[in-house]
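# Output the structure for:
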Amino acid sequence: MGILATYLSQADMESGHISTTAGKFDTEITDFAWWSPNEFSVGDRWNFPHNEATGDDTWYHFGIIVDAFDGGDDGHLGWLLDAAANQICKLRLIDGKLQVEAIGTTTVVSTPTVTVPATLARWDLHVDRAGAGMTITLYENGSGTALATATITDTGTFGTPAMFQMAHLDHDDAYFSELYMADFDTRDTRPIRQNVNAVGNHTAWDGAFGNVSDESIMTSIKEATATGKESYNVETYAGPATLAGISRVAIKLRASKGASGPSNINPLVRIGGTDYSAGNIGPTTTPLIYFAEFLQNPDTSVDWVKADLDTTEIGVEAIT
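Here you go, the predicted structure:
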């Protein structure tokens with residue numbers, strides 16, 4: 001499946017506390033952080049749902065800052081829930097150190113050895129649901145070394161992860177940023193967002209450009225004829241100047257099908273005057289988030305490079 005969800009825009013979540021305070025996030029990646037104020041109680045929480053992985057592996061990538069951090073901080077930073085809202089993992093602070101807790105028919109807590117730094121650190125959390133058990137592993141800043149691990153042998157009736165829930169209990173203000181979920185290894189990756197900024201070559205769909213660019217669930221474009229295409233230019237790449245490589249280019253879209261007409265969509269990229277399709281997606285009648293991914297530049301059949309990002313249109317075709 002690939003990417004399961006991204007939370008890189010304030011519009012990605014309908015509610016939640018936002019901080020634009022300098023130093024709480026990396027300005028090369030974003031201009032805000034999801035904020036968990038220290039006056040909150042354990043009953044205050046923000047939900048970040050995602051698609052379920054089709055295989056055993058679910059990965060979470062995020063940056064964290066905890067204010068006024070000291071060696072005595074205890075509490076919870078967040079939980080992982082399955083589709084039935086069962087807690088299957090906790091991300092905890094014990095004496096100023098991070099630990100993970102795996103929850104199933106038994107509960108196992110990792111040794112709290114990972115000290116949270118006072119500045120922004122990036123973390124990758126891996127959930128492996130192989131067999132009847134589950135192993136949860138925490139990595140810091142792309143490290144290949146597991147810094148905290150908890151394994152249970154039986155998850156009982158609990159399902160695979162379907163939501164990260166940012167929670168708060170007994171610690172200072174916490175800030176999460178560059179949050180995304182995937183079924184591939186997220187270590188040594190960082191998400192970069194490029195918004196659409198102008199109408200592109202294809203203009204068959206009904207609706208104004210503003211109905212797409214405002215990111216609102218209340219506005220949209222539509223197409224009643226199969227093979228109708230719509231495409232957009234994207235804003236100039238504004239991420240880190242130095243890249244080790246580009247893992248993939250993903251189109252994120254919210255879509256639903258109507259009562260009649262085409263019932264499928266085909267996300268596409270347009271490069272050098274040629275359209276390249278990602279493959280059909282069959283939306284439901286409820287608007288949901290979908291991702292279409294290109295691991296390589298389909299025009300060159302090699303890995304993407306930074307210059308490709310500014311000259312590629314993204315779009316969608318209506319399919320019967």
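# Sheet partners, orientation included, of the helix or strand bottoming out on mean pLDDT in the chain?
Lowest on mean pLDDT, DSSP states H and E among the helices and strands of the chain sits strand 114-115, with a mean of 76. Using DSSP bridges, strand 114-115 pairs in its sheet with strand 97-103 (antiparallel).
# Show me which positions of the next helix or strand after the partner strand end up buried.
Sequence order places strand 107-109 as the next helix or strand after strand 97-103, per DSSP states H and E. Across strand 107-109, burial judged by 16 or more other Cβ atoms under 10 Å covers residue 108. Heads up, the C-betas are built off the backbone N, CA and C, glycines and all.
# partners of residue 81 in the sheet?
Using DSSP bridges, the beta-bridge partners of residue 81 come out as residue 87, residue 163.
# my guess is it contacts residue 160, does it?
No: using Cβ atoms under 8 Å, residue 81 makes no contact with residue 160, being 10.5 Å away.
# rewinding a little: from the chain's centroid, how far away is the least confident helix or strand of the chain?
24 Å (Cα atoms, centre = their mean, to the nearest Å).
# Residues in contact with that strand: which ones?
By Cβ atoms under 8 Å, 6 or more residues apart in numbering, the list of residues contacting strand 114-115 from outside reads 96, 97, 98, 99, 138, 140, 147, 148.
# at 10 Å instead, please
Residues from elsewhere that reach strand 114-115, judged by Cβ atoms under 10 Å, 6 or more residues apart in numbering: 69, 71, 93, 95-100, 121, 123, 138-140, 146-148.
# what residues do residue 81 and residue 160 have in common as contacts?
residue 88.
# where are the low-confidence patches of the protein?
Scanning the chain for pLDDT under 70 picks out the ranges 14-16, 39-44, 68-73, 168-171.
# let's see 80
Residue ranges of the chain with pLDDT under 80: 1, 14-16, 37-45, 67-75, 95-96, 112-118, 167-172.
# what domains does the record give for it?
3-182, 196-319 (automatic domain parsing).
# The longest one: end-to-end distance?
Just to be clear, that refers to domain 3-182. Across its full length, domain 3-182 reaches 4 Å between end residues, using Cα to Cα, to the nearest Å.
# The shortest one too?
Domain 196-319 has its terminal residues 22 Å apart, counting by Cα to Cα.
# chain center to it: distance?
17 Å.
# now the strands: where do they sit in the stretch 101-250 of the chain?
For the stretch 101-250 of the chain, applying DSSP state E, counting those that start in this stretch gives strands covering 107-109, 114-115, 121-128, 134-140, 148-152, 161-169, 174-182, 196-203, 229-234, 249-255.
# returning to what we had before: okay, the domains of the chain, which one's buried deepest?
Stretch with highest mean neighbour count among the domains of the chain: domain 3-182 (a mean of 18; mean count of other Cβ atoms under 10 Å).
# Run the chain-centre distance for that one.
Per Cα atoms, centre = their mean, the centroid offset for domain 3-182 relative to its chain is 12 Å.
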